[in-house]
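J.: Let's see this in three dimensions:
(chains A and B)
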Protein chains: 2
Amino acid sequence: MNKITETLLGLVSDWSGVFDGAFNIREDGGCAGRQSSEHIKIENKTDGPGLVIHVLPEAQGETVYIPACVTHGNIDDLVYNDFYIADGADVTIVAGCGVHTDNEEEARHNGIHRFYVGKGAHVLYKEKHIGTGKGTGLKKIDPVTRIELEEGAVMEMDTTQIRGVDSTVRKTGALLAARSKLIIHERLMTGGSETAKTDFEVALQGEDAGVDLISRSVARDESHQEYRSIIRGNNRCTGHSECDAILVGHGTVSATPELYAGHIDAALIHEAAIGKIAGEQILKLKTLGLTEEEAEEKIIEGFLKG
Amino acid sequence: MNKITETLLGLVSDWSGVFDGAFNIREDGGCAGRQSSEHIKIENKTDGPGLVIHVLPEAQGETVYIPACVTHGNIDDLVYNDFYIADGADVTIVAGCGVHTDNEEEARHNGIHRFYVGKGAHVLYKEKHIGTGKGTGLKKIDPVTRIELEEGAVMEMDTTQIRGVDSTVRKTGALLAARSKLIIHERLMTGGSETAKTDFEVALQGEDAGVDLISRSVARDESHQEYRSIIRGNNRCTGHSECDAILVGHGTVSATPELYAGHIDAALIHEAAIGKIAGEQILKLKTLGLTEEEAEEKIIEGFLKG
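T.: Modelled structure (predicted):
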């Protein structure tokens, strides 16, 4: 594993030289290390690039790391990872991704992740994206996430992209069976002339399915973001979505959240707000001794954490 | 003027046998009565069907009525009405529309209304739509509204459609100059197998322009509604939109409100909620002696008024 991969791993998956439990490290399209554990089995896909990961019912509170790194230009990495989470299992999946280029060549990662989450299972899915390197080559990460939740399953998806990625198109689709819950927290920050497109499509199919979709983003400089979501309430269900964006400099944002209620007992709510940081907030922190820039950073930090 | 027109006028424009001030009554594509006033001049368009209405600066607190009625099937009425509101004028425009058919033939009204609102002028635009008659012919009303507000102009648009219209496609577009304000209240109720599509597009172009867009709707029986809006903040401006829908029976609703912030000082907010009437609300009114149906009616009435 090269130095850049080590640095990227630290940034996206809390790597400190070792992973505790099951892991697979993808480096420039190859495998730089893999380990299955007693309850989490990682195998190569037989019909294309990527992994098949089986989480057994005995897995309770365990973690699997599957970071992917692109460490130089002229790489266009495409990978399909399929997760089969057994009924009743409880697992944390850490799927960070870093792309790096030091020259004028493009570095791209395109991960297609499919989750089949069994009855009553619980998944915490953490996905952190970053771009590094001083090259002029574009850094791109285009994740596709497909989620199928069986009865009573719960999935929390925590997805973060903090600068450095020139262009991203993020598509997430989910199909929810009875009493299953999906909680998504998205945090995005773009700067320079970066662009980010986000697209969520959630079908609340089973009775008492529920989704909570929270997107917080910051668009700095000349960057542009487009947010789209559709929540389809096809049964007795609850859906809530919330997208808040902060503008800094000449950043621009478009937000298009759609709600579709196709059942009398579908209860759907949406809120959105786009604007710059309120002057009073900056002023308050300045009176505490911070410079304008420090105050802005502090507020943005708090906003993205929230 | 025929009996059906008289009835429709009562329903859509508070007609009680006479209009006070300027008016034009459109009946089945013809003119059933017209009167200009000292400060409001109504003329025929020279390049197509419809009217050119000039509201002079002297008009202060005056009203012009321009109702349109389709009183039988096999009518497909298309009309272009252009309003020129002088700087500083203050006018109320009542533009109700009723369609009626007693047989299997379609009755349709398609009104294209364009408003050029001068500096500092104030317009209250009231548009009430209804369908009547026991015919199986479809009753359709497809209004198109184009609004241009000059500096400091204020326009309030109050648009209501309470049942009886089998199909409606409502398009409203607005372009706002500096310090102008647009306030839209939409109230919609559909039943049976009616469909209603609503489409708002508001461009906040000038500094300190503002829009407040409130849509309240009730979808009963098997009816279907689609709401779309886009608010573009292209300058220092404020935009607020809110769409609330109540489902009754098997009604279905899709809401897609878009916000686009293209300027650091654009402050845009949106809220949406779709659901059925809360059980507690019904229960509360039932303890006061109302039947379930009466309680439901009462709640819907209050909701649409709000």
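
J.: I'd say residue A:92 and residue A:66 touch.
T.: No - using C-beta atoms under 8 Å, residue A:92 is not in contact with residue A:66; the gap is 11.4 Å. (Glycine included, C-beta is placed from N, CA and C.)

J.: Look at those two and report which has more neighbours.
T.: A side-by-side neighbour count of residue A:92 and residue A:66, using other C-beta atoms under 10 Å in any protein chain shown, places residue A:66 first with 26 against 18.

J.: Pretty sure that one sits against residue A:94.
T.: Yes - counting by C-beta under 8 Å, residue A:94 is a contact partner of residue A:66 at 7.2 Å.

J.: Contact partners for residue A:286?
T.: Residues in contact with residue A:286, defined by C-beta atoms under 8 Å, 6 or more residues apart in numbering or on different chains, are A:292, A:295.

J.: Centre of the chain to stretch A:229-245, how far?
T.: Between the centre of stretch A:229-245 and the centre of its chain there are 18 Å (C-alpha atoms, centre = their mean, to the nearest Å).

J.: Just the buried positions in it, please.
T.: A:229-241, A:243-245 (16 or more other C-beta atoms under 10 Å in any protein chain shown).

J.: show me which of these neighbour chain B.
T.: A:233, A:245 (C-beta under 8 Å from any C-beta of the partner chain).

J.: Just the CA atoms of stretch A:111-119, as CSV, please.
T.: Extracted in CSV, the C-alpha atoms of stretch A:111-119 (Å, rounded to 0.1, in the frame of the first residue of the first chain):
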residue,chain,number,x,y,z
GLY,A,111,-18.7,2.9,-6.5
ILE,A,112,-22.0,1.1,-6.9
HIS,A,113,-23.1,-0.2,-3.5
ARG,A,114,-26.1,-2.4,-3.0
PHE,A,115,-27.5,-3.3,0.4
TYR,A,116,-29.9,-6.1,1.1
VAL,A,117,-30.8,-5.6,4.7
GLY,A,118,-32.7,-8.6,6.3
LYS,A,119,-35.6,-8.5,8.8
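
J.: The helix or strand residue A:8 falls within - contacts with which helices or strands?
T.: For residue A:8, the element it lies in under DSSP states H and E is helix A:3-13. When contacts are defined as 3 or more C-beta pairs under 8 Å, 6 or more residues apart in numbering or on different chains; DSSP states H and E, helix A:3-13 sits against strand A:22-27, strand A:68-70, strand A:97-100, strand A:122-132.

J.: so how far is that helix off the chain centroid?
T.: 17 Å.

J.: ok and it relative to strand A:122-132, angle-wise?
T.: Here the directions of helix A:3-13 and strand A:122-132 differ by 140 degrees (axes from the mean of the first three to the mean of the last three C-alpha atoms, to 10 degrees).

J.: What lies in contact with helix A:3-13?
T.: With C-beta under 8 Å, 6+ apart as the test, helix A:3-13 has contacts from A:15-16, A:19, A:25, A:27, A:32, A:65, A:67, A:69, A:71-72, A:94, A:96-98, A:100, A:128-130, A:132-133.

J.: hmm, try it at 7 Å
T.: A:15, A:27, A:32, A:65, A:67, A:69, A:71, A:94, A:96-98, A:100, A:128, A:130, A:132 (C-beta atoms under 7 Å, 6 or more residues apart in numbering or on different chains).

J.: For the stretch 201-306 of chain A, which residues are neighbours of chain B?
T.: Counting by C-beta under 7 Å from any C-beta of the partner chain, the residues of the stretch 201-306 of chain A lying close to chain B are A:247, A:249-250, A:252-256, A:258-262, A:264-265, A:267-276.

J.: rerun at 8 Å
T.: Going by C-beta under 8 Å from any C-beta, the residues of the stretch 201-306 of chain A near chain B are A:233, A:245, A:247-276.

J.: buried stuff in stretch A:36-49?
T.: Using 16+ other C-beta under 10 Å as the test for burial, stretch A:36-49 gives A:36-37, A:39-42.

J.: picking that back up, so can I have JSON lines of the helices and strands packed on helix A:3-13 showing distance to residue B:184?
T.: As requested, the helices and strands packed on helix A:3-13 are exported to JSON lines (distance: least, C-beta to C-beta, whole Å):
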{"stretch": "strand A:22-27", "distance to residue B:184": "52"}
{"stretch": "strand A:68-70", "distance to residue B:184": "48"}
{"stretch": "strand A:97-100", "distance to residue B:184": "44"}
{"stretch": "strand A:122-132", "distance to residue B:184": "40"}
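
J.: Please identify the most buried of these.
T.: Sort these by mean neighbour count, taking mean count of other C-beta atoms under 10 Å in any protein chain shown, and strand A:68-70 sits at the top with a mean of 30.

J.: Name every strand pairing with that one and say which way it goes.
T.: strand A:22-27 (parallel), strand A:97-100 (parallel) (DSSP bridges).

J.: Work out the gap between the strand or helix carrying residue A:275 and the centre of the chain.
T.: Applying DSSP H and E as the criterion places residue A:275 in strand A:266-276. How far strand A:266-276 lies from its chain's middle: 20 Å, per C-alpha atoms, centre = their mean.

J.: tell me the angle it makes with strand B:266-276.
T.: Interaxial angle of strand A:266-276 relative to strand B:266-276 (the same axes, to 10 degrees): 170 degrees.

J.: Averaged pLDDT, strand A:266-276. What do you get?
T.: For strand A:266-276, the mean pLDDT works out to 95.

J.: Please name the strands paired to that strand in the sheet, noting orientation.
T.: strand A:237-247 (parallel), strand B:266-276 (antiparallel).

J.: After it, which helix or strand is next?
T.: helix A:279-287.

J.: Buried among the residues of the stretch 201-306 of chain A next to chain B? Need that as a selection in ChimeraX.
T.: To isolate the buried members of these in ChimeraX, using 16+ other C-beta under 10 Å:
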select /A:233,245,247,248,251,252,253,254,255,256,257,258,259,260,261,262,263,264,266,267,268,269,270,271,272,273,274,275,276
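
J.: Kindly list the longest helix within chain A.
T.: helix A:292-305 (DSSP state H).

J.: Please export the C-alpha coordinates of that one as PDB.
T.: The C-alpha coordinates for helix A:292-305 follow below in PDB (Å, rounded to 0.1, in the frame of the first residue of the first chain):
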ATOM      1  CA  GLU A 292     -14.700  37.400  10.700                       C
ATOM      2  CA  GLU A 293     -13.100  34.300   8.900                       C
ATOM      3  CA  GLU A 294     -12.800  32.400  12.100                       C
ATOM      4  CA  ALA A 295     -16.400  33.200  13.000                       C
ATOM      5  CA  GLU A 296     -17.600  32.000   9.600                       C
ATOM      6  CA  GLU A 297     -15.600  28.700   9.900                       C
ATOM      7  CA  LYS A 298     -17.000  28.100  13.400                       C
ATOM      8  CA  ILE A 299     -20.500  28.600  12.200                       C
ATOM      9  CA  ILE A 300     -20.100  26.400   9.200                       C
ATOM     10  CA  GLU A 301     -18.500  23.700  11.300                       C
ATOM     11  CA  GLY A 302     -21.400  23.700  13.700                       C
ATOM     12  CA  PHE A 303     -23.900  23.700  10.800                       C
ATOM     13  CA  LEU A 304     -22.400  20.700   9.100                       C
ATOM     14  CA  LYS A 305     -22.200  18.800  12.400                       C
END
